[in-house]
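Asker: structure for this input, please:
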Amino acid sequence: SPVAVFSGRNIMTVAAFLGVVYSGRCYAPLDSKLPVTRIRQILETLSASLIVTDRENLDFVLNLGYDENSIIVIEDAVSSEPDIEKLSSVRRFATEDDPLYIIFTSGSTGKPKGVMTSHRSLMCYIDAYMRVMKISENDVLGNQSPLDYIAAVRDIYLPLLTGCSTVII
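Answerer: The predicted structure is shown next:
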């Protein structure tokens, strides 16, 4: 099932996205600055049973009605030991068609709609973008997009493919 991620514009948010993916789940990046009504609609649509957040957004997430057992705090997670056996099992059953992330749009009706992207779909896009833009390990990208916006995926995944760097502005 998808994991909602509420976190700020920093490298630990990207690490949280990748941690969710590494665990075999897809993530939905959410901005706590959105209207609460919209966030509740997104969470209802998403049916996330787990939320990853940073300390800065923890009270906000708790006020949404999630209990502490369904919340992972990024700053705490980085110091915990991974379950290597479980992660190995996840990788054994992973496919390129598995969902990678869900980005929510406003939708023509005003009700948020989630657009799901698979691992394969993103990698085809990133590979083509890299070739067209001639991105290499020597490049430095500047991320200006909110991390819950589709444009940010280039800044997250191009470095993983090419070895280039991204600076979150």
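
Asker: the helices in the chain, which residues?
Answerer: 11-22, 36-46, 55-63, 74-77, 84-93, 119-133, 152-162 (DSSP state H).

Asker: and the pLDDT for Cys124?
Answerer: As predicted, Cys124 sits at a pLDDT of 97.

Asker: so what's it up against?
Answerer: By CB atoms under 8 Å, 6 or more residues apart in numbering, no residues touch Cys124. Placement of C-beta: from N, CA and C, glycine included.

Asker: with the one 4 residues further on instead?
Answerer: If you count contacts by CB under 8 Å, 6+ apart, Ala128 has none.

Asker: got a list of what Gly114 touches?
Answerer: Neighbours of Gly114 in contact, by CB under 8 Å, 6+ apart: Ala28, Ile42, Thr45, Leu46, Ile102, Ile103, Phe104.

Asker: who wins on neighbours among those?
Answerer: Ranked by the number of neighbours (other CB atoms under 10 Å), the contacts of Gly114 place Ala28 first, at 25 neighbours.

Asker: didn't that residue look like it was pressed against Ser47?
Answerer: No: with contact defined as CB atoms under 8 Å, Ala28 and Ser47 do not form a contacting pair (10.4 Å).

Asker: hang on, the earlier thing: out of the contacts of Gly114, the closest to Pro146 would be?
Answerer: Ranked by distance to Pro146 (CB to CB), the contacts of Gly114 are led by Ile103 at 10.5 Å.
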